[in-house]
Every structure is written in structure tokens, then in C-alpha cells.
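S.K.: show me the folded form of this:
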Amino acid sequence: MSDIFISYARSTATQAETVAGGLRALGYTVWRDDALPAHRAYAEVIEDKLKAAKAVVVIWSADAAKSDWVRAEADAARHARTLVQLSIDGVAPPMPFNQIQCADLAGWTGAADAPGWRKVVESIAELAGGPTGDSAPLPPAPPLPAKPSIAVMPFVNVSGDLDQEYFADGMLLEIVEALSRIKSIFVVASSSSLAFKGKAVSPREAARQLGVRYILEGSVRRAGGRIRIGVQLIDASDGAQVWTERFEDTLDDIFALQDKVAIAVAGRIEPTVEQAEIRRAAARPTDNIDCHDLYFRALPVFRTHTKEGTLEALDLLNRAIALDDAHARALAMAVSCHRTIVIYGWADDVGEHRRRGVLLARRALKAAPDDAMVLASVASDLTVLEGSLDVALPLAKRAVVMNPGSAGVWFNSGAVRLMAGETDAAIEHFEAAMRLDPAGANRPAHLFYLAQANLFSRRFGEAAALIRERNQYTESPGAYLILAASCGHLGQSGPALEALACYRALTPLTIETLVQVFIDPEQRKLILDGIAMAEGKAPADATN
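M.R.: Prediction:
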């Protein structure tokens, strides 16, 4: 017997699961139609469960008010005097149910102290008394961490082969280990996740009990000598699937396969969660913004690589740092903003931006010496701000060792290698970043730097093609410069001169001044030679 029967319209299944999870957390046994057995008639089961329930919770919505099933279930509960009503979208119950008190849960996301929810719980307690289920009331849910949080649930062994249980459990352990290297994400320990093994708990309820926002689920299926691994990331706040992917390989080396999948999952999770948090921050009222929200609001405008976007991002980041002067990611991105302003001369006093960037870089490294992404980002920026590789190269190498599953780490490491003149290594690192994050918001930057590397490797056609793809996103003076130089080397003076005109419209800096950002004189010469050829001039003999 279940203490509580829940009636709802199919379009509100997510909200119904939130209600069910909240009641189960109090120790009640709850039944809703997702538990219908396959061997009995639908109406027969509904009638039995309605009669047995001590309280019937009807979730009214616009669709529920039109549903014959919901109205019939509500009517049966009304006659049995077990009816508890709530509205999730402000819709009043239809006649005759509008004569009975209805709790307002519009916009409710599961908070136990919400007035409407307290009213529901009080009514159920009056009808059903204390919980009669076998399980004791669960402890209060831990608060959500300030940064994005995730739990990896035990992988389901779909094949039914008990010999594969160790592999499924091993996948969880490897993925948790890989995700733990991402310092911008809070990851629940694998021991807590494994406590849910074999239990029928919804993603929303698991997230509530573990105090996380995202749940990663997975399955393992073996067929002959091959194994298929499926994973999906769920936003527990609304039950939406954020990302899903499938991996398939042989079982020749299962430990190498676990490691391969774990790194790939970590690489996808970081940018996916980042984008979800950007959307979440953007949706929050501007009068209720904390440091983390300001950071995530700054990310998309910074990635426009425009003057307006860079300055707006820097303003948001300065506000974030004022709230938390040890927010390493905000500090590191502010360094990147100062670097961009210095490169393109987007300020009257670029020397001051250079000085501030170096100071913030030191603060970021002090705040998070174990955050691989911070180390790699600062390393890349210092090559420009300090014009030296002495600090940058060791930082970049350390970052890759610390977190080889981060697309951002590989990208920034590639940028450092590019500045060091290690073009082949730079291309490898950029391509590794693009494999881990093939279609994310950082793709324009990936294309831009990969184009530079191809230019410096004298693959001018590839460089021009990459820049043209990159320029489908936003306009950047640096991108137009690389395009002009590449076209110049290809003898395509028309497209080269068009790109030069776009470059000059976006920055006041002369080309001779901007190329000084490149430490390697051969790289500077390749760009200037391409520009000279585009303008019908002879290449320079040397570049100082």
C-alpha cells in the first residue's frame, strides 16, 4: 500500500516527480502512474491505488484541468475525503474542486520551506499521519555548492552479465577521478554515488540527496568482443537532458578503454556544464547576482573577441572579483581581457592594462595553484603580457599533466607552444582541444589559433580556409590579419586587401606594431611578408 497517490497531466511529469521526491524524502511511500505494472489493466490499477491511498495529491495545471483522467481521480478523492490540491502554474481548480483549498506552488523547484509546500505537507500529515513506509525519513538535503556540481551515478550493466559489474563500477570510478581534476566543478565522491547502486531513485531525487545540480548516468552493454557505453548528463532542476553520447570499442584492454572514455567524458562535461551555467546565470534577475553568476555572464561576451565584448566582460569580472578576490577563474579571465586589450590597442594606456594583467595573473596562480585551467590560461596570457616563455612553458606543461581531459588546457598549452615556435606540437594540442570540444562555444578561438599554426607551417591554403570558417562567428582584427597574410602568400591579392581593410577598421594598431606580440622573429616575418606580397611589395629581408 502507498501512503500517497499523485494525479497529474502528462505534460507536468517533471513537476510531479519533484513533488513525489519531496514526499519520499519525508518518508512517505508514493505512487504515480510511472509505476504501472505491465500485466494489469490501467483503470483497474488506478482504482485500486486510489482507494488504498491515505492522501491523493492532485497537481492542477492548464492541461490537468482539461484532463478527464485527472478530474475523475480528483472526484474520487473528493468523495473519499483524501483530496490534497496544489497548482503549479496559477490555474485554479475547475468546478467543483474550486471549493476546496488549493496550495500555490507556481515556480516551485523543491524548496522544503516554501509556504505552498508546507501547506501541502501539513494537509498530508493530517490525512495520512506520519509516514508508514519502510524507509525512515531522509536527512535534509545538503546545500548546493556555489560552483556547478555533479554526481556520477552507478553505471547500469544492461547486458546482465555479472562478470561485467566490475567494469561498470570501474567506469564510475574513472570518470569521477577525471572530473575531479576540473577545479571549476564540484564532484561528489564515488563512494557516495555507489551507495545508490541497485536503487530505483530518480535523477532529481538523487541530486537532492547528494546536493548537486547535475547527474551523469551511464550504461554498459557487452556484445561479443565489443562493448558499448552510453552516458547522459541531466540537469536535475528540470530533468532536462543536457548532453548524451555513446562510445563503442573492443575489450582488448578494458583498463585503457575505461581511461579513454573517462577522459572523453570529462572533456565534454566541462564545456557542456559551462554553457548550461551561462544560460542559468543569464536567466537570473540582475539584482540577484553573485560572483559566480557574474563570471558566467562574462564568458559569452568575452568570447565575441570584439572590443565591446572584451570591455563588457572585464567590467563583469571586476565586479565578480570585488565580491570574491580569490575567484581564480574570474581572475584568470580578467587577465585574458587585459591581454586582448594590449594586443589590439583598445585603450589609451595599454601599458596600464599590461601591468594590471600581470598582477592579476599572479593573484590567480596564488588563488588556485592546482587548477590546471587557471595555470594554462595564465601561461598563455603571460607570453604576451611579459613577452617571455620562462614562466609560461613550465606552467603549460604542468597543466596538461594535471588535467589531460580538459579542452581548455590543451588549447592554452597549444597557444604557448605556438609562441615558442613549436608549431607541430601546437597543432597537436589544438587538435586535441577540438576533439574534446568539437562544437562548443570556443570553436572560433580553436579555428583562429589552428589557422595561425598552419600559417607558420607554411600551409597557407589550410590557414585561409580555417580563418574563413572562424569569421562566420564574429569579426576579429587578428583573424583578418592572418587571413590577409595567408592570401598574400597564396598570391590572392584581392581577398588579402579586403581582409586588410577589415583589420584596419577594427583596431588602430599598425600591423608592424601588432606582430611584435609574436616572440619568434620568423613568425613575425611570415606575417609581414604575406602582407607585403598582398600589397605588391617585396618581402622584407629580416624582421627585427
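S.K.: Arg246: neighbour count?
M.R.: Neighbour count of Arg246, defined by other Cβ atoms under 10 Å: 11. All C-beta spots, glycine's among them, are computed from the backbone N, C-alpha and C.
S.K.: could you do Arg228 as well?
M.R.: For Arg228, using other Cβ under 10 Å, the count is 15.
S.K.: again, but for the one 4 residues further on
M.R.: Other residues within reach of Gln232 by the criterion other Cβ under 10 Å amount to 16.
S.K.: and the helix or strand hosting it, what's buried?
M.R.: Gln232 belongs to strand 226-235 when assigned by DSSP states H and E. Residues Ile227, Ile229, Gly230, Val231, Gln232, Leu233, Ile234, Asp235 are the ones in strand 226-235 that count as buried (16 or more other Cβ atoms under 10 Å).
S.K.: quick check: what element follows it along the chain?
M.R.: That would be, after strand 226-235 and using DSSP H and E, strand 240-250.
S.K.: related to what we said a few turns ago, with respect to pLDDT, which of the buried residues of strand 226-235 ranks lowest?
M.R.: Minimum pLDDT for the buried residues of strand 226-235 is recorded at Ile227 (85).
S.K.: check what pLDDT the residue nearest to Trp108 when sequence neighbours are not counted gets.
M.R.: Using Cβ to Cβ, 6 or more residues apart in numbering and skipping the chain neighbours, the partner closest in space to Trp108 is Ala114 (5.6 Å). Predicted confidence (pLDDT) for Ala114: 77.
S.K.: touching, Ala114 and Leu105? I think so.
M.R.: Yes - counting by Cβ atoms under 8 Å, Ala114 touches Leu105, with 7.2 Å between them.
S.K.: the more surrounded of those two?
M.R.: Between Ala114 and Leu105, Leu105 has the larger neighbour count (other Cβ under 10 Å), namely 23 against 17.
S.K.: phi and psi next, for the more buried one.
M.R.: phi -120, psi 30 (degrees, to the nearest 10).
S.K.: what sits closest to it if chain neighbours are left out?
M.R.: Gly116 (4.4 Å).
S.K.: now swap in Leu323 and tell me
M.R.: Cys291 (4.0 Å).
S.K.: how deep is the one you found tucked in, by neighbour count?
M.R.: So Cys291, with other Cβ under 10 Å, has 18 neighbours.
S.K.: isn't it right up against Asp324?
M.R.: Yes - in this structure, Cys291 is within contact of Asp324 by Cβ under 8 Å, at 4.2 Å.
S.K.: pLDDT weak spots in the chain?
M.R.: Applying pLDDT under 70 to the chain picks out residues 1-2, 34-42, 111, 113, 130-141, 160-163, 200, 284-288, 540-544.
S.K.: does the most centrally placed residue in it belong to a helix, a strand or coil?
M.R.: In the chain, the residue lying closest to the centroid (Cα atoms, centre = their mean) is Val273, at 1.2 Å. Secondary structure, DSSP: H, G, I helix; E, B strand; the rest coil: Val273 is helix.
S.K.: all further residue positions should be reported with the first residue as 45.
M.R.: Fine by me, first position is 45 from now on; the one you just mentioned is Val317.
S.K.: doesn't Ser193 make contact with it?
M.R.: No - using Cβ under 8 Å, Val317 is not in contact with Ser193; the gap is 9.3 Å.
S.K.: which residues do the two both contact?
M.R.: Shared contacts of Val317 and Ser193, defined by Cβ atoms under 8 Å, 6 or more residues apart in numbering, comprise Ile229, Tyr258.
S.K.: returning to that earlier point: look up how far Ala320 lies from the closest residue to the residue nearest to the centre of the chain other than its chain neighbours.
M.R.: Nearest non-adjacent residue to Val317, counting by Cβ to Cβ, 6+ apart: Pro192, 4.9 Å away. Going from Pro192 to Ala320 by Cβ to Cβ, to the nearest Å gives 8 Å.
S.K.: the more surrounded of the two?
M.R.: Shown here are Pro192 and Ala320; by other Cβ under 10 Å, Pro192 has more neighbours (23 against 20).
S.K.: circling back: surely the residue nearest to Val317 touches Ile229?
M.R.: Yes - counting by Cβ under 8 Å, Pro192 does reach Ile229; the two are 5.2 Å apart.
S.K.: who touches both of those two?
M.R.: By Cβ under 8 Å, 6+ apart, the residues touching both Pro192 and Ile229 are Val317.
S.K.: on that earlier part again, between the buried residues of strand 270-279, which is closest to Ala116?
M.R.: Using Cβ to Cβ, Ile278 comes nearest to Ala116 of those, at 32.4 Å.
S.K.: what's the distance between that closest one and Leu367?
M.R.: Taking Cβ to Cβ, one finds Ile278 at 30 Å from Leu367.
S.K.: and if you look at Tyr258?
M.R.: 24 Å.
S.K.: so for those two, which sits in the more crowded spot?
M.R.: Tyr258 (26 against 15).
S.K.: the residue lying closest to that one once chain neighbours are set aside: what secondary structure?
M.R.: Excluding its sequence neighbours, the residue lying closest to Tyr258 (Cβ to Cβ, 6+ apart) is Ile194, at 4.2 Å. Here Ile194 takes the strand state, with states given by three-state DSSP.
S.K.: who touches Ile194 in this structure?
M.R.: By Cβ under 8 Å, 6+ apart, the neighbours of Ile194 are 223, 229-232, 256-260, 277, 313, 317.
S.K.: and of these, the nearest to Ala476?
M.R.: Nearest to Ala476 among those, with distances taken as Cβ to Cβ, is Ile313, at 16.3 Å.
S.K.: shouldn't the closest one be within a strand?
M.R.: No - counting by three-state DSSP, one finds Ile313 to be helix, located in no strand.
S.K.: do you know how far Ala582 is from Tyr517?
M.R.: Applying Cβ to Cβ to Ala582 and Tyr517 gives a distance of 35 Å.
S.K.: which one of the two is surrounded by more residues?
M.R.: Tyr517 (17 against 8).
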